[in-house]
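Q: Turn this into a model:
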Amino acid sequence: MASLLLSSQEEPPLFQPSDAESSATFRFLRRVNSVHGLNLQSYLELYKWSTAHLDAFWGMVWDETNVIGDKASHVVDNDALPSANPVWFADARVNWAENMLNCRSAIKIALIEATEPTVDNPSPTLKSVTYAQLYALVADVVSALILHGIKPGDRVASYSSNCIENVAACLATSAIGAIWVSAAADFGPTGVMERFEQVQPKIIFSVDAVAYNHKVHQHLPKLSELLSGLADKILPPKIVVISPLSQNQYSPSWESGWVGWDVFVKEGQQHKLGRSPSGEIEWNRLSFNAPLWILFSSGTTGRPKPIVHRAGGMLLQSNKELGICGGLHADDVFFYYTTTGWMMWNFLVGGLSIGCTLVLYDGSPLRDVGYLWKLVDDLGITIFGTSAKYLDHLSKKYRPRDHHSLKTLRQIYSTGSPLAPPLFDYVYEHINPNLILASITGGTDICSLFAGMNSALPVFRGEIQCRMLGMAVESFSPTGTLNPPDESGELVCVRPFPCMPLGFWPLPGFGPAVDVSAAQKRFYQSYFAEFNGAWYHGDHIVITRSKLGNGGGLVMLGRSDGVLNPGGIRFGSAEIYDVLDQCFSNSTAEYVIMDYLAVGQKIDGGVDERVILFLKLPPGDELTPAFETKVKAEIRSRRSPRHVPARIIKVPDVPYTLNGKRVEVLVKKIINGAPLSSVNLATLSNGECLNFYYDMGEKLRNEHA
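A: Have a look, this model is predicted:
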């Protein structure tokens, strides 16, 4: 892998900012120099300082991003290990929602809601609210929540689409100090039940219908099934039904006691609870370390882990990422294609603290392949967020630059899986040559980023731009030693960071002692047991040598437990995928591959493994001997003989989680003998395809019996 990286480092950047000195990062650098009497000159120097002096750095982030709240003097124990999960800003008082609604402009648009066209509504109207309107709506929802008995620490849940009402409900929940829990409307009822039964919400907000793939899908039957499954597990929650498509506030399918959104809001208007005499929302400023929301891991082989995030950490990390690193400002129009069950929804909503306009979209991104790019031109979108999977699909069928202006775009964010080098080429050639393409990485575990975008830095093909300020990310060998640049290893974070989760639910004070203790043990084992107190994230990476002062970019090689290890040579599946993308993704080529998945099968009694490559081909295509020979030859010539799969197998489909992540580890377990009963099918979008892998696994194991 190192030789491949060396050759790529000789290439010039695909993009380089014309005036890095005027960026938000360098403005922050100059302030650091002024306050602390330093002479930092580059991003690398600022990065090193930010990870060595956590207390000084994060204290300055608070000041630089104008956090509303009581800061006090304490920041963090600068000598603590991540495993200590230290308290941050111990005496501070802050409310996340108060910071999201600092802007009260009656002119500035806060949210624009776009919905996919359907047969019945081919030209849906855009909805929008100004910051003043959003504030008034949140105030009414706060009042209604209090009226229905919601107190700090209570859980408020959503089983909803990406609509304005959902954002308002989240903000109102935080304003009170209650804890937000969200599941996307496309999640199956069983998967949502596994989440909600763990946290026991008192109120559930749900839509009555969603638009997807040019059709309207009724959602209330799924809600009823969810409630039936929860009936003997939690106290009956209050149900508030949002009607984003029809605006109907009642239908015969409603169950007794359900209330419509408009009625719920009107109740709040009438009672005016949770407001000061002047009419201001009575923001409940709690500890910096108070719980804000609970996100869930994919949970493909067990119950999803309920990850609790702290309010101040989410606020400060988002402000740093968007304001200081990304350089977003109030004039930006920020869009991210996401469901409400993916952490990128939380990431997007954090943009309200910048005062910019957020674009919410609900529906398919590819049914009308040009629709999102038309929105870019119509709305003046400047920041466009999506997934690597979407860009891959798009590259096979559409060239946005041929059909749209896209002149307002200045940054594109991509996450969910590694962004293959050919997709960098695609974006700069067929979308916009003059923007920052930021592959970003972090995850549900931290609800933010370890590495990602920076408006002051260049973009190199196939690389994430940089490690984020304040995040002491390193690459470790399997024995826990620090790797040099350009050598693959495990992603670890060796210093604490304020967006570290508080733990898994239930936290102390929120459940029986035995459950709290089990959650604490599970939390420690998940992140700190691998490398003596450092945060272990489970990603296989390369940190490149520093180029043009960036401190080293990142190359994502795949999940660590999915790393391939034939003959003792470790490498990430992304190294194979990169070849397939380069050589077999063109729809006009002789051989075309639609999707792929590589896993390791244990052989020789478990002391070795062989690589099995599964390929999804276009309908009607066959994996001929010549096709297979071509695939192996390209992998051999572009990587090494060790990378060549022992077996290549055509598959009907490749499994993905509901959030669109390829499921390597689960298939690896099945191929090596795990029963299908160990799989949590509710977490997969196409779990039925696993039957093929189960049957194939038995055949593969028999080959080495």
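Q: Report how many residues lie close to H148.
A: H148: 17 surrounding residues under other Cβ atoms under 10 Å. C-beta coordinates here come from the backbone N, C-alpha and C atoms, glycine included.
Q: how close does L615 get to M696?
A: As judged by Cβ to Cβ, to the nearest Å, L615 and M696 stand 13 Å apart.
Q: So those two - more neighbours on which side?
A: Ranked by neighbour count (other Cβ under 10 Å), L615 and M696 place L615 first, with 24 against 18.
Q: Could you pull up the residues touching the more buried one?
A: Counting by Cβ atoms under 8 Å, 6 or more residues apart in numbering, L615 touches 593, 595-596, 623, 631, 648-651.
Q: what do you get if the cut-off is 6 Å, keeping everything else the same?
A: Counting by Cβ atoms under 6 Å, 6 or more residues apart in numbering, L615 makes contact with 593, 596, 650.
Q: Quickly find the element holding it.
A: Following DSSP states H and E, one finds L615 within strand 608-616.
Q: Tell me which helix or strand comes right after that strand.
A: Next in line after strand 608-616, if elements are assigned by DSSP H and E, sits helix 625-638.
Q: sorry, back to before: just the closest of the contacts of L615 to V308, please.
A: V308 lies nearest to Y596 out of the contacts of L615, by Cβ to Cβ, at 35.6 Å.
Q: Would you mind pulling the contact partners of the helix or strand hosting that closest one?
A: Remark: Y596 resides in strand 595-603, with elements defined by DSSP H and E. Applying Cβ under 6 Å, 6+ apart, the external contacts of strand 595-603 come out as 564, 573, 576, 580, 609-616, 654, 664, 667-668, 671-672, 700, 704.
Q: repeat for stretch 482-499
A: Here stretch 482-499 makes contact (Cβ under 6 Å, 6+ apart) with 1-2, 5, 51, 80, 82, 86, 88, 313, 316-317, 446, 448, 471-477, 531, 534-537, 539, 541-545, 552, 557, 560.
Q: Over to stretch 155-164?
A: When contacts are defined by Cβ under 6 Å, 6+ apart, stretch 155-164 is touched by residues 111, 113, 129, 166, 173, 178-183, 185, 192, 196, 199, 201, 203-207, 210, 244, 340, 360, 362.
Q: Likewise for stretch 101-114?
A: 126-132, 134-135, 163-164, 355, 357-361, 375.
Q: can you give me the offset of the strand or helix carrying A97 from its chain's centre?
A: Assigned by DSSP H and E, A97 belongs to helix 96-100. Helix 96-100 sits 21 Å away from the centroid of its parent chain (Cα atoms, centre = their mean, to the nearest Å).
Q: Any buried residues in that helix, and which?
A: Buried residues in helix 96-100, counted by 16 or more other Cβ atoms under 10 Å: 96-100.
Q: State the mean pLDDT of that helix.
A: For helix 96-100, mean pLDDT is 98.
Q: And stretch 56-71, by the same measure?
A: For stretch 56-71, the mean per-residue pLDDT is 98.
Q: Show me what counts as buried in it.
A: Buried-residue list, stretch 56-71, by 16+ other Cβ under 10 Å: 56-62, 64-65, 67, 69, 71.
Q: thinking K238 is in contact with H148, fair?
A: Yes - using Cβ atoms under 6 Å, K238 makes contact with H148 at a distance of 5.5 Å.
Q: SS state for the closest residue to L322 other than its chain neighbours?
A: The shortest distance from L322 to any non-neighbouring residue, by Cβ to Cβ, 6 or more residues apart in numbering, is to L328 (4.6 Å). Following DSSP: H, G, I helix; E, B strand; the rest coil, we place L328 in the coil state.
Q: Number of residues surrounding L328?
A: The number of residues packed near L328 is 26, by other Cβ under 10 Å.
Q: check contacts around it.
A: 322, 354, 356.
Q: Of the buried residues of helix 96-100, which is the nearest to R31?
A: Closest approach to R31 among the buried residues of helix 96-100 (Cβ to Cβ): N99, at 20.0 Å.
Q: quick one: contacts for the closest one?
A: Per Cβ under 6 Å, 6+ apart, neighbours of N99: 68, 315, 353.
Q: run the last query once more with 10 Å
A: By Cβ atoms under 10 Å, 6 or more residues apart in numbering, N99 lies in contact with 65-69, 174, 283, 311-312, 315-316, 318-319, 350, 352-353.
Q: Filter the residues you listed down to the ones in helices?
A: 174, 311-312, 315-316, 318 (DSSP state H).
Q: What's the first helix or strand after the helix holding A97?
A: Next in sequence after helix 96-100, counting helices and strands by DSSP H and E, comes strand 109-115.
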